[in-house]
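> Any chance you could fold what I've pasted below:
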Amino acid sequence: MSSDSSRRIQVPEKLKEVLLQFSIAFLVEQPPDVIDYAVEYFSKLQAERPSVTTTDQSTDDQQSINSQEADAEPPVMQGTRRKSVFAEAYDPEADDDDDGATAVFPKTDEQRARLVESVKNVLLFRSLDKEQMNQVLDAMFERKVQPLDYIIRQGDDGDNFYVIESGIYKVYIDDNHINTYTHTGLFGELALLYNMPRAATVQAETSGLLWAMDRQTFRRILLKSAFRKRKMYEELLNSVPMLKALQNYERMNLADALVSKSYENGERIIKQGDAADGMYFIEEGTVSVRMDQDDAEVEISQLGKGQYFGELALVTHRPRAASVYATGGVVKLAFLDVKAFERLLGPCMDIMKRNIDDYESQLVKIFGSKNNITDTR
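Numbers count the residues shown, from 1 in each chain. Prediction:
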């Protein structure tokens, strides 16, 4: 490599984006083997990539990438070493504080609405569920600045992420002015993940107000929430008789693959005749299973906490055999998509096939015969 100190290696924006999303997924799921997880993650990413590629980026992604100018990957120089990432250790299992975030900083409804609007396009926050996002917004603290105050300095360790509520701020790299924020914008979000030097300096041009979030609080919220979700799902899955055929580590993998979904009373969850996209485990509430018969829907069963539905169409590779509705209030479900189903529930397939016979017996009791019942196999 040339000894010219002005020579820099430019890190492509697309590479930053991909690695950032991978880092978020890794932090949330906490897999035991990083290499195996990386292979699975990027293989899935490649499989889901559209067949037609384009050099254009969406407006939302471009806005998020632009907001990272003040905290981008620092240039790699000869004779320098990049600082470590994820340096601070946090063990959610050892943290028995049930309060979640370390503090809640009051905000007016107007301030909170502006914060939500400011961070909605940040790639890092797109992985957060509603509860996590509320905890993050609660934990953001106020910082008042005066003219000529330095918010961050190029080369310093990055620890805080900032959202601008008011004020004018100038961004410099190597003393060269490259950007100006005027009463809106955000910078420093990569500091929530990486322990690395700031790549730019941000200085206040006027007095103003910032909302800030530190890395440890953010990671604590993110990881604690993910840990609680896994423990909750492990307890749920342990109560499902069918899953007794799985080893403990297989149930843990299944818990990590589940996605929370909520439905209001009377809302339809799946529709008879639709293609199957996954199965559901009931976390809370009850559901009604109904089948079309003689131009009307007939209830064939009700299911409650710890039970599951939607697996029939995945086993038979046929359209949904019945519709399912939320009943008795809000219903919370854990959803397993079809790819994860096929990958993780192989050992349970024989049990689910036997359940088809029980299902058909139920239909005979309700309708008297199978003559007018759609073939469920």
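> make it CA atoms for all contacts and neighbour counts henceforth
Will do.
> So what does Met133 look like in phi/psi?
Here is the backbone geometry of Met133 (degrees, to the nearest 10): phi -60, psi -40.
> got the contact list for it?
The neighbourhood of Met133, defined by CA atoms under 8 Å, 6 or more residues apart in numbering, consists of Phe125.
> Against Leu333, how distant is it?
Here Met133 is placed at a distance of 20 Å from Leu333 (CA to CA, to the nearest Å).
> What of Gln247?
Following CA to CA, the distance that separates Gln247 from Leu333 is 23 Å.
> Those two: who's more crowded?
Neighbours were counted for Gln247 and for Leu333 using other CA atoms under 10 Å; Leu333 has more, 24 against 10.
> does that one really touch Phe281, like I thought?
Yes - taking contact to mean CA atoms under 8 Å, the distance of 5.6 Å between Leu333 and Phe281 places them in contact.
> how about the helices in the stretch 101-250 of the chain?
109-119, 130-139, 215-238, 248-257 (DSSP state H, counting those that start in this stretch).
> Identify whichever of those lies nearest to Glu342.
Glu342 sits nearest to helix 248-257 of all the helices of the stretch 101-250 of the chain, at 11.1 Å, using CA to CA.
> residues of that closest one that come out buried?
For helix 248-257, the buried set under the neighbour-count rule, 16 or more other CA atoms under 10 Å, comprises 251-257.
> which helices and strands does it pack with?
Counting contacts by 3 or more CA pairs under 8 Å, 6 or more residues apart in numbering; DSSP states H and E, helix 248-257 packs against helix 215-238, helix 338-344.
> Other residues contacting the helix or strand following that helix?
Elements were assigned by DSSP states H and E; along the chain past helix 248-257, the next helix or strand is strand 259-263. Residues lying outside strand 259-263 but in contact with it, judged by CA under 8 Å, 6+ apart, are 269, 326, 330-336.
> Strand partners (parallel or antiparallel) of whichever helix or strand comes after strand 259-263?
Following strand 259-263 in sequence order, the next helix or strand is strand 268-270 (DSSP H and E). According to DSSP bridges, strand 268-270 has the following sheet partners: strand 323-337 (antiparallel).
> Show me what the partner strand is in contact with.
Here strand 323-337 makes contact (CA under 8 Å, 6+ apart) with 257-272, 277-291.
> Right, I'll leave it there.
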